[in-house]
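In: Return atomic coordinates for the entry below.
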Amino acid sequence: MRQSERAYATLLDEIQRGVLPPGAVLGEVEQAARLGVSRTPLREALGRLAAVGLAVQQSPRVTVVADIDADDIRQLFEVRAMLEAGAVRLAAVRGDTAVFTRLAEEFTAIGRRGPEAATDASDDYYDLIARLDAAIDAAVDNDHLAQALATVRTHLVRVRRLARDKPERLAASVGEHRLIAVALAARDGELATHATHVHLHNALHSALESALDSALDSAVPSAPASAPESPPRGNP
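Out: A predicted model of the protein is given here:
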C-alpha cells in the first residue's frame, strides 16, 4: 500500500471512531512522524480528507478535523434520503433476491438477541449494514450513484457512533434494516422505499438527540472555586 493510502486509511479510521475528534489539529510534521510517512504523502492524505469534508484547512499551515453539528447532520440526511430512496427502488428491480433473503435472515438473528445483546453485537451489526449497502450497490450497478453514496456513508460512520450507547435505538434499527432487506428480497420497491424513509427519519431524530446531549455535556461549566465571603456591610 502506498504511503499516502496508508496515511489516509489510518486518519479516516481515527476520525470516524472519534480518536481524532472535531477540531483536532492535523499537523503535518507531527502526523507524518506518528504515521511513519514523509510529508508529501501526508499532504496527499490530508487533501483527500478535505475533499470529502472530513478535514478543514484553517490556514495554509493548519488543517483540523471538521466539526459536525445538528445542521451538518440534517443536511447529510437530506442527501442520504434522496440517494438511498433511489438506490433501493433500483435494487428491488435489479437485485438478486437470494442475496437479500440471506441478509434479512441475518438481521432477524441479531434482532432476536434483544436490545442489550444487540449493543454487545454492534460491530457485527454494523458489518451487516455494510454488506447490505454493498449488496444494494451491486444490484444498482451505477458507479456514479455508488460514489455519491460512498461519500455520504463516510460521514455517516461518525454520526452512527452516537447511537452505540442507545440499546433501544440500535435494536429498532436492526428491525428497520431487516424490513428493507425483506422488501428487496420480495422485489417490492414501494415497501423498500417506505422502510428506508422510516429508518432515516428515526435515525435522524436519534442522531440529533445525541448531538444535542453531547453539546450540552460539553457546555456544562466546571464548578467554580468557592469565593471568600464578602465582609458584612455597615458598622463592625
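In: And the strands in this protein, which stretches?
Out: 55-59, 62-65 (DSSP state E).
In: tell me which residues of the top helix by length along the chain are tucked away?
Out: Longest helix in the chain, counting residues (DSSP state H): helix 189-219. Across helix 189-219, burial judged by 16 or more other Cβ atoms under 10 Å covers 189, 191-196, 199-200, 203-204, 206-208, 210-211. C-beta here means a position set from N, CA and C on the backbone, and glycine is covered the same way.
In: Same check on stretch 76-90?
Out: For stretch 76-90, by 16+ other Cβ under 10 Å, it's 76-77, 80-81, 83-90.
In: Then stretch 89-97?
Out: Neighbour counts using 16+ other Cβ under 10 Å place 89-92, 95 of stretch 89-97 among the buried residues.
In: Can you find the helix or strand of the chain with the lowest average pLDDT?
Out: The weakest-scoring helix or strand in the chain, judged by mean pLDDT, DSSP states H and E, is helix 114-120 (a mean of 62).
In: Tell me where the chain has helices.
Out: Under DSSP H, the chain gives helices at 3-16, 28-35, 39-51, 70-94, 97-111, 114-120, 122-140, 143-160, 167-185, 189-219.
In: Pick out the shakiest of the ones you listed, pLDDT-wise.
Out: Lowest mean pLDDT within those: helix 114-120, a mean of 62.
In: now stretch 56-74, how far from the centre of its chain.
Out: 16 Å (Cα atoms, centre = their mean, to the nearest Å).
In: Which residues does that stretch contact?
Out: Applying Cβ atoms under 8 Å, 6 or more residues apart in numbering, the external contacts of stretch 56-74 come out as 15, 20-28, 46, 50, 53-55, 155, 158-159, 204, 207-208, 211-212, 215.
In: Filter those residues down to just the buried residues.
Out: 15, 20, 22, 26, 46, 54-55, 155, 158-159, 204, 207-208, 211.
In: on that earlier part again, possible to save the helices of the chain as CSV with distance to R61?
Out: Formatted as CSV, those follow (distance: least, Cβ to Cβ, whole Å):
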stretch, distance to R61
helix 3-16, 18
helix 28-35, 8
helix 39-51, 11
helix 70-94, 25
helix 97-111, 47
helix 114-120, 42
helix 122-140, 36
helix 143-160, 25
helix 167-185, 41
helix 189-219, 27
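In: Identify the residue spatially nearest to R187, adjacent ones excluded.
Out: Once flanking residues are discounted, R187 sits nearest to A92: 5.2 Å by Cβ to Cβ, 6 or more residues apart in numbering.
In: what's the spacing between the one you found and A172?
Out: From A92 across to A172, the span is 23 Å (Cβ to Cβ, to the nearest Å).
In: Over to E28?
Out: Distance from E28 to A172, by Cβ to Cβ: 43 Å.
In: now, of the strands of the chain, which is deepest in the fold?
Out: Counting by mean count of other Cβ atoms under 10 Å, strand 62-65 has the highest mean neighbour count of the strands of the chain, with a mean of 18.
In: Pull out the C-alpha coordinates of that strand and format them as PDB.
Out: Output of strand 62-65 as PDB, limited to C-alpha atoms (Å, rounded to 0.1, in the frame of the first residue of the first chain):
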ATOM      1  CA  VAL A  62      -3.100  24.400   9.800                       C
ATOM      2  CA  THR A  63      -5.500  21.600   9.000                       C
ATOM      3  CA  VAL A  64      -8.100  20.400  11.600                       C
ATOM      4  CA  VAL A  65     -10.700  17.700  11.800                       C
END
